[in-house]
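Visitor: What follows is a predicted structure for the sequence shown.
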Amino acid sequence: MTAAIRRSAKPQNYPRITNESNPMHGYLDDSTLVPHIYKIPEKRIRKFIKSAIITAQQKSGRVILDIPETVTDEELKNIYIKQGKNLFKYFRAYCGDPAATAYDLNGKHFAEICKQQFFNRTLQKERMNSGWRYQFLARDCASNSKRFNQIADIGAAEADFNAVIRYKSPLNGKLSLYVSIKNRVNTLGGQDWPKAIQALEAVAINDRNRDGPYCCVFGITMDRGLRHIKAQQKTGCLHSCNTEIWMADFFWPFFANYDYEEIMTLVLNVLIEMNKLKETLTVEIPELLIETFGKCCKQNELINDDYIFNDPHKLVKFFCTKK
């Protein structure tokens, strides 16, 4: 498949910067595209931000708990029970210092510890919340900016949204942008970038509804800078001449007509209004999951009848015993 993608990924016939002395020689010449003629009111942007926060929260919560899009009540109950048991296994497996942990747990209610363990286990996944938030926000801004002819719904696994934009000259037609949004450049490791670039370009190549050339874009929402193109470190060969990395200082003005600092300030203000500045990195933990974690603690005689960790020596033995 990789070889097929490379053979098909021919240089696209869109306007590029032709000045060889320009550091961005060969990049998309964005000066040939229709400019912004409208500024979305801040009040409306704030509505988009609030919607993006809520939607991202719901989506990240489902992913963290491995909840499919369609699930019955019985299946949901079984998922919560399974996750509670898995969390208890994590609690035992990732105890760094048995003595210190046993000392710290003594006298605490199991539910408090359950929530701490849940947060520790899901911290990395929680960062997806922020990525989705800006994905939804960028799409809404692009859809309402009046700059683009068409914005496709988020759907394809590799392309977060597709935008069609016209050139200034009516004779030049239009350009399709395939946009994948990342929080930061290091969201993907160095070895992962070539695969991600090939996969995104495959989406563009195989889009039967596309009319005209395409340009693939990785939009970086929180790293400052303008644009660059990924290349092999040893040879300097480009992974694709049709794929660009748009950093926050280029990405947000292009799609939203707001600069990076303006967007971040608006997001902060909405978070404060929603009283979610601290809550954005939390997911509501189902009661059944917490109860299941407590049952596991009880079965292993780690808590008393008041659900309190009351014997640190039992905890040390529990953490030190071979699994």
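Guide: Cool, got the structure. Residues are numbered from 1 along each chain as shown.
Visitor: dump the residue contacts of the residue nearest to Tyr258 when sequence neighbours are not counted.
Guide: Distances taken as CB to CB, 6 or more residues apart in numbering place Trp252 nearest to Tyr258, at 5.8 Å, with adjacent residues excluded. The way it works is simple: take the backbone N, C-alpha and C, and place the C-beta from them, glycine included. By CB atoms under 8 Å, 6 or more residues apart in numbering, Trp252 lies in contact with Ala138, Thr221, Tyr258, Asp259, Tyr260, Glu262, Ile263.
Visitor: Quick one: buried ones out of the residues you listed?
Guide: Burial by neighbour count, 16 or more other CB atoms under 10 Å: within the contacts of Trp252 this picks out Ala138, Thr221, Tyr258, Tyr260, Ile263.
Visitor: Please, which helix or strand holds the last one?
Guide: Spelled out, that is Ile263. In this assignment (DSSP states H and E), Ile263 forms part of helix 260-273.
Visitor: Just give me how far that helix sits from the chain centre.
Guide: Put simply, helix 260-273 sits 18 Å off its chain's centre (CA atoms, centre = their mean, to the nearest Å).
Visitor: just stretch 173-193 next, same as before
Guide: With CA atoms, centre = their mean, you get 12 Å for stretch 173-193.
Visitor: what's the closest residue to Asn310 other than its chain neighbours sitting at in phi/psi?
Guide: Residue nearest to Asn310 in three dimensions, not counting chain neighbours: Asn304, with 4.6 Å by CB to CB, 6+ apart. Asn304 adopts backbone torsions of phi -90, psi -170, taken as degrees, to the nearest 10.
Visitor: Next one: Asn304 from His109, what distance?
Guide: Separation of Asn304 from His109 (CB to CB, to the nearest Å): 11 Å.
Visitor: Now do the SS call for Gly219.
Guide: When classified by DSSP: H, G, I helix; E, B strand; the rest coil, Gly219 comes out as strand.
Visitor: Surely it and Phe251 touch.
Guide: Yes. With contact defined as CB atoms under 8 Å, Gly219 counts as touching Phe251 (4.4 Å).
Visitor: which of these two has more neighbours?
Guide: Phe251 (27 against 24; other CB atoms under 10 Å).
Visitor: so which helix or strand takes in the more buried one?
Guide: Element membership for Phe251, per DSSP H and E: helix 248-256.
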